[in-house]
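> one predicted model, sequence on top.
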Amino acid sequence: YVRICSFTFQGVFNPLAAFLGGYVAQEIVKGITQKYSPIHQFLYYSCTEIAPEIKPEDLEKEKFVTFQKEKGLLPKKDRYDGLRICCGEELLTKLAECNLFMVGAGAIGCELLKNYAVMGIGRTKGRIVLTDPDVIEVSNLNRQFLFREKHLRKPKSSTAAAAALAMNPDLKGHILARLDKVHEGTNNIFTDEFFEGQTVVTNALDNVQARRYIDQRCVKARTPLIESGTLGPKGHVQVVVPGKTESYSSQNDPEDNTQIPHCTLKMFPEEALHCVEWARDKFGKLFSHQPRNLQTIIEKENFSPTSSSEIKNLKDAIKQLKIRPNDFQDCIRYARFKFQKYFVNDIRQLMFVYPIDTKTKEGSLFWSMPKRPPTEMKFDPSNSLHVSFIAACACLRANLFGIPLPPDPRSEATKMKLAAQAGEIKVPDFKPSESKAKSIADQVDSAEKQVEEEQKEEEIEQQVDPSDVTALMKEYKDLLAKSKLPSNKIIAKPEEFEKDNDQNFHIDLMYSMGNCRSTNYKLDPMDWITVKLKAGRIIPALATTTASVAGLQTLELIKLLKGLEVEHHRNTFMNIALPMCYLSEPGAAVVTKLKEGLEVTLWDRWDVKNGNKLKLAEFLSHLEKTYGLIPRDILLGNKIIFFHALMTNPEKTAEKEKLLDTNMKDLLEIEDEKYMDLTVTFVRENEEKILTGVPPIRILFEQILQQIDIIFFIRKKL
């Protein structure tokens with residue numbers, strides 16, 4: 001170990017430098033800010049398996065030069081000499097010939113690409129394919145160091161690729177940036193052949209759903225995957241080796257129990273955050289869901305509601321058409337009425353149901369902590385929160401329906417003018433509603449408030465009389481005719497919440513709404529930037545964490561390319577705040593015993609040849625004879641090809657016989673596909689329980705393969 005360290009000290013190993021650099025930088029930040037716990041003793045990390053093996057005799061003076069030549073350690077006076085000393089020419093060549101697919105160009109993605117550029121990944125016979133559909137926002141600049149202010153609103157992938165090329169011109173022609181999201185809709189771009197052609201896939205994603213999809217594609221293609229992620233000071237790296245380790249989806253993250261209870265959010269906020277979440281929920285309903293529902297119905301030329309939910313949507317659409325604004329003054333009126341509803345009338349209604357002296361069944365005061373009795377607020381055109389609410393709500397309403405905004409709508413003078421106009425609008429007098437009172441009481445009394453409310457809404461929907469449909473459709477069409485529908489049929493343009501655009505009134509509305517509600521409940525207000533962080537679900541990312549995680553991820557990439565055994569790889573779970581860095585060998589793939597003598601893992605796949613000649617009956621018979629299990633249902637994706645329970649019906653005998661006699665190629669509607677992956681359920685003999693863990697079935701169409709091979713042979717000869 002001492003020999004290896006002594007020899008490699010003269011080199012530069014970028015991934016290790018990135019890992020330790022991030023870790024040490026966080027220790028410096030701890031010393032300055034006095035936040036988080038410092039390292040109490042020392043940090044030890046070893047990856048000597050990457051370095052060339054050095055024997056005592058290799059260090060003898062007369063043998064040392066020969067040893068360096070054999071291992072490819074002698075410098076060539078190029079930019080890779082530091083790396084060459086640490087890992088040798090053979091491994092350096094594998095790095096240069098690597099085909100790597102990197103998904104995501106955010107915080108971890110930028111750090112990864114920097115590491116790849118410095119090491120020259122794919123610079124000779126290989127290639128880096130980088131994809132990310134996002135564009136660069138202001139909030140990205142504090143940790144995504146390949147981006148600058150001049151890059152705002154530009155694609156992340158192409159900008160990151162350009163930065164990597166500037167770092168290492170050797171990558172020219174060996175890095176491809178795409179803007180495509182990797183999901184079911186891009187299977188024609190990121191095909192099975194594409195994944196199979198990659199040496200390794202590295203993830204730099206920010207959500208579990210995308211991670212699971214990439215993991216699924218890598219398992220199917222049997223391509224190595226190195227997964228990573230960060231959350232503030234926390235980070236993880238997982239190595240997935242085909243045929244040997246478990247996959248990312250083999251484990252489930254713990255459930256998130258941070259959801260705010262419905263009644264707390266709606267009626268009894270305990271802190272300012274609850275008020276901000278309430279405001280975000282209202283924003284989504286008013287400016288996203290309702291207008292999207294209206295536009296969806298309008299775009300359906302022959303819309304005819306058939307279910308209770310569609311009738312409810314139609315009623316919502318009719319309501320939206322009735323209050324559709326004609327000018328900006330209507331938008332101001334809408335904002336003033338909403339202020340009255342949220343901060344005056346709703347408070348009065350709640351206090352009507354539960355007066356200040358209300359007592360519970362146990363005899364204690366209803367309004368006792370954590371419940372706070374709210375107080376209504378009077379609209380004040382000079383109050384900055386009220387002014388901000390009116391301006392933001394009116395402008396968002398105008399944007400929805402394509403109404404021009406007043407000049408300079410974000411200036412204080414314009415906002416004050418709008419608030420003054422709102423102050424002159426007469427609002428209807430409040431009248432307590434007995435039906436609303438009963439609904440509030442039911443929600444409070446229910447042990448499972450949110451579940452019960454959802455059940456009540458479903459019951460209400462089911463009570464809708466279908467005979468009302470004709471009258472509703474007539475009213476809808478009359479209103480639509482009066483609305484002077486534009487040629488493009490776009491009446492409303494829903495607002496999609498965008499936290500990074502400070503000029504779009506989104507955060508302004510949530511800031512004013514949340515703090516007005518906080519005032520109702522005598523809670524401490526929240527400043528604008530904190531509202532942006534909370535409403536945008538922004539967890540401050542630490543550049544130190546991303547650097548460390550990307551360094552560890554790159555280390556595991558080098559181990560994969562060197563061909564090390566699984567026991568040399570390390571999954572990492574770290575929290576640099578505690579600090580804690582836990583490393584373990586990747587978990588082995590779980591073995592499932594289907595029957596005596598038949599065991600499988602997630603990496604197994606059962607191939608069936610001659611698919612173009614097989615009939616369904618022959619296909620099922622082949623599976624039963626080969627694996628000793630009885631096949632039941634066959635699915636192609638979500639499409640049912642054969643449903644055993646249905647086909648056992650005596651009335652389906654003729655249809656079943658016809659289906660069993662159908663060629664698999666025709667049944668699957670094969671055109672030029674080389675294979676199809678099917679999901680087939682199985683049971684053991686004399687049992688009816690469907691087995692779990694059965695591998696997917698791949699049916700191959702050899703004739704098509706032979707035709708493709710012939711065409712390729714002719715082209716090659718020509």
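All right, it came through fine.

> before we go further, residue 275 is sitting in a strand, right?
No - Residue 275 sits outside any strand when classified using DSSP: H, G, I helix; E, B strand; the rest coil, being helix.

> I'd guessed it sits against residue 517; true?
Yes - contact between residue 275 and residue 517 holds when scored by CB atoms under 8 Å: they sit 4.1 Å apart. Backbone N, C-alpha and C define where each C-beta goes, glycine included.

> between the two, which contacts overlap?
Listed as contacting both residue 275 and residue 517 by CB atoms under 8 Å, 6 or more residues apart in numbering are residue 269.

> any idea how many residues pack against residue 247?
Counted with other CB atoms under 10 Å, the neighbours of residue 247 add up to 23.

> you'd agree it is up against residue 588?
No - with contacts counted by CB under 8 Å, residue 247 stays clear of residue 588, the gap being 11.5 Å.

> report the set of residues contacting both of these two.
Counting by CB under 8 Å, 6+ apart, nothing touches both residue 247 and residue 588.

> can you report phi and psi for the closest residue to residue 365 other than its chain neighbours?
Leaving aside its sequence neighbours, residue 365 sits nearest to residue 359 (CB to CB, 6 or more residues apart in numbering; 6.0 Å). Here is the backbone geometry of residue 359 (degrees, to the nearest 10): phi -120, psi 150.

> roughly how far apart are residue 359 and residue 367?
Per CB to CB, to the nearest Å, residue 359 is found 10 Å from residue 367.

> again, but for residue 633
Counting by CB to CB, the gap from residue 633 to residue 367 is 57 Å.

> ditto for residue 38
46 Å.

> which residues does the spatially most central residue of the chain contact?
Nearest to the geometric centre of the chain sits residue 207, at 3.3 Å (CA atoms, centre = their mean). The contact partners of residue 207, by CB under 8 Å, 6+ apart, come to none.

> what confidence value was assigned to it?
Looking at residue 207, its pLDDT stands at 86.

> try the one 3 residues further on
On the pLDDT scale, residue 210 is placed at 93.

> now it: closest residue in space that isn't a chain neighbour?
residue 182 (7.1 Å).

> quick one: contacts for that neighbour?
Going by CB under 8 Å, 6+ apart, the list of residues near residue 182 reads 103, 131, 190, 210, 213, 214, 217.

> what's the distance between it and residue 214?
6 Å.

> what about the strands in the stretch 1-150 of the chain?
99-103, 127-131 (DSSP state E, counting those that start in this stretch).

> need these in TSV (columns: mean neighbour count).
Converted to TSV, these look like this (neighbours: other CB atoms under 10 Å):
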stretch	mean neighbour count
strand 99-103	24
strand 127-131	23
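
> among these, which is nearest residue 599?
Shortest distance between residue 599 and those, using CB to CB, is found for strand 99-103: 31.0 Å.

> now the angle from that closest one to strand 127-131?
10 degrees (axes from the mean of the first three to the mean of the last three CA atoms, to 10 degrees).

> related to what we said a few turns ago, of the contacts of residue 182, which belong to strands?
103, 131 (DSSP state E).

> okay, residue 364: pLDDT?
89.

> what of residue 253?
pLDDT, residue 253: 67.

> ok, now residue 541?
75.

> equivalent analysis for the one 4 residues further on, please.
Residue-level confidence at residue 545 comes out at 95, pLDDT.

> so how far is residue 318 from it?
In terms of CB to CB, residue 545 sits 51 Å off from residue 318.

> who's more crowded, the two?
The residue with more neighbours, out of residue 545 and residue 318, is residue 545; 26 against 18, by other CB under 10 Å.

> quick one: contacts for that one?
Listed by CB under 8 Å, 6+ apart, the contact set of residue 545 reads 22, 26, 230, 232, 233, 234, 235, 574, 576.

> rerun at 10 Å
22-23, 26, 107-108, 111, 143, 230-235, 574-577 (CB atoms under 10 Å, 6 or more residues apart in numbering).

> one more: residue 407?
residue 414.

> quick check: it vs residue 328, distance?
From residue 407 to residue 328 the distance is 11 Å (CB to CB).

> please apply the same query to residue 312.
Taking CB to CB, one finds residue 312 at 30 Å from residue 328.

> looking at the two, which has the bigger crowd around it?
residue 328 (19 against 16).

> from residue 401, how far out is the more buried one?
10 Å.

> please consider this matter closed, and thank you.
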